[in-house]
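Trainee: Show me the folded form of this:
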Amino acid sequence: MSNTSTTRVDEVSQYYAPAKKLGTISVVLFWLNAVLSFVMPYSASTIGEEWSRVLQAIFLVLVLIYFSISQISSLYLVPRAELMRRKQLLSDSFGIPLSQDYTSLYYNNSYSPSVQRLGANTMENALFSKEIALRMLVRKRFVIFGYLFAWLLAFSLRHNNLELLTWITQLVFSGEILAEWLKLEILRFRHQRTYDELYSHFLHKLGQDSSRAIANVLNAFVSYEAAKSNAGILLSTHIPQIFKQKERKIDSETQNSQTIAVQSFGSF
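Mentor: Okay, here's the model as predicted:
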């Protein structure tokens, strides 16, 4: 893969676009279903039996659409995108094209194709991924604690409003809220651990051709890919301006770790 271009190119990103679009549609459908599930118990008395049955039919259709979209995204689109990204990572690391998609300047290190470049590339991925996940968690933590507070409040008043308690319980403990938050927390933790392991790997100046060095890099690579696969979460690409400052810090950390490694291994 050539790095002679001065413009950053990432053709692999095209595989993530359909999954992101379906993800947006899925979120909209989830909230529509949530609203309808709350309204339906009262629909017969407010809009009549006939319109209530229409509302129930709409709800059924939306649930089926939501389920279909979720399965298409999680079972096909996201795994396909991650597969192409993994091929791109290995292609860049070893200088052997595994796909027709072109990338340039996607990674910020000067290693020649080798296992050590795979380690540096994986470390960059883990570094950026953990920071993006942390930014996403700031909002998610605020939202989840708000929902939990509402649920506890409804639970304390359950003798007066059992329907509201049931609805909030269904909403909070669904896959779109609590489960997504927990998966993102675990994903951030695992990416942090991968980054720490690779930083330690370079810091302790292991020889590039030693069995231990190769095993450490491959273990970190597999751990990083397994964390993404288990979580099944697409990290946000809409980085706010405040993250641009963090990005400079991340680049600095990456360069520092690379300096340590270059001192150990020499220039390849």
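Trainee: And the helices in this structure?
Mentor: 16-47, 49-72, 78-94, 115-156, 162-172, 180-203, 211-231, 241-265 (DSSP state H).
Trainee: Asn109 is nearest to which of the ones you listed?
Mentor: helix 115-156 (4.2 Å; CB to CB). Heads up, the C-betas are built off the backbone N, CA and C, glycines and all.
Trainee: tell me which strands and helices that closest one is in contact with?
Mentor: Counting contacts by 3 or more CB pairs under 8 Å, 6 or more residues apart in numbering; DSSP states H and E, helix 115-156 packs against helix 78-94, helix 162-172, helix 180-203, helix 211-231, helix 241-265.
Trainee: Taking their axis directions, the third one and helix 115-156 sit at what angle?
Mentor: Per axes from the mean of the first three to the mean of the last three CA atoms, to 10 degrees, the angle that helix 180-203 makes with helix 115-156 is 150 degrees.
Trainee: Contacts for helix 180-203, please.
Mentor: Residues from elsewhere that reach helix 180-203, judged by CB atoms under 8 Å, 6 or more residues apart in numbering: 119-120, 122-123, 126-127, 129-130, 133-134, 136-137, 140-141, 144, 213, 216-217, 219-220, 223-224, 227-228, 230-233, 257-258, 260-261, 264.
Trainee: what's the offset of stretch 180-193 from the middle of its chain?
Mentor: Stretch 180-193 has its C-alpha centroid displaced from the chain centroid by 9 Å (CA atoms, centre = their mean, to the nearest Å).
Trainee: That stretch: which residues count as buried?
Mentor: Going by neighbour count (16 or more other CB atoms under 10 Å), the buried part of stretch 180-193 is Glu180, Trp181, Leu184, Glu185, Leu187, Arg188, Arg190, His191, Gln192, Arg193.
Trainee: tell me the contacts of the closest residue to Ile58 other than its chain neighbours?
Mentor: The spatially closest residue to Ile58, leaving aside those adjacent along the chain, is Leu36, at 7.0 Å (CB to CB, 6 or more residues apart in numbering). By CB under 8 Å, 6+ apart, the contact set of Leu36 is Leu55, Ile58, Phe59, Leu62.
Trainee: measure the nearest residue to the first one once chain neighbours are set aside to Leu29 for me?
Mentor: If you skip the residues right next to it in sequence, Leu55 has Ser43 as its closest partner in space, 5.1 Å away by CB to CB, 6+ apart. Distance, Ser43 to Leu29, by CB to CB, to the nearest Å: 19 Å.
Trainee: Pull out the buried residues from stretch 54-62.
Mentor: Buried residues in stretch 54-62 (16+ other CB under 10 Å): Leu55, Phe59, Leu62.
Trainee: And the contacts of it?
Mentor: Leu29, Leu32, Asn33, Leu36, Ser37, Val39, Met40, Ser43, Ile47.
Trainee: With pLDDT and distance to Asp92 added, can I get the residues you listed in CSV?
Mentor: CSV is the format used below for these (pLDDT from 0 to 100; distance: CB to CB, whole Å):
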residue, pLDDT, distance to Asp92
Leu29, 89, 37
Leu32, 88, 41
Asn33, 82, 42
Leu36, 82, 47
Ser37, 79, 47
Val39, 79, 51
Met40, 75, 52
Ser43, 72, 56
Ile47, 77, 58
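Trainee: Among those residues, which one is most surrounded by other residues?
Mentor: Asn33 (21 neighbours; other CB atoms under 10 Å).
Trainee: Please report how far the residue nearest to that residue when sequence neighbours are not counted lies from Leu36.
Mentor: Excluding its sequence neighbours, the residue lying closest to Asn33 (CB to CB, 6+ apart) is Leu62, at 5.4 Å. Distance of Leu62 to Leu36, computed by CB to CB: 7 Å.
Trainee: Over to Thr122?
Mentor: 44 Å.
Trainee: Correct me if wrong: Met40 contacts Arg53.
Mentor: No: contact status for Met40 versus Arg53: not in contact, 10.3 Å apart, counting by CB atoms under 8 Å.
Trainee: Enumerate every residue touching the closest residue in space to Asn121 that isn't next to it in sequence.
Mentor: Excluding the flanking residues, the one nearest Asn121 by CB to CB, 6+ apart is Tyr107, at 4.9 Å. When contacts are counted by CB under 8 Å, 6+ apart, Tyr107 is found next to Asp92, Ala120, Asn121, Glu124.
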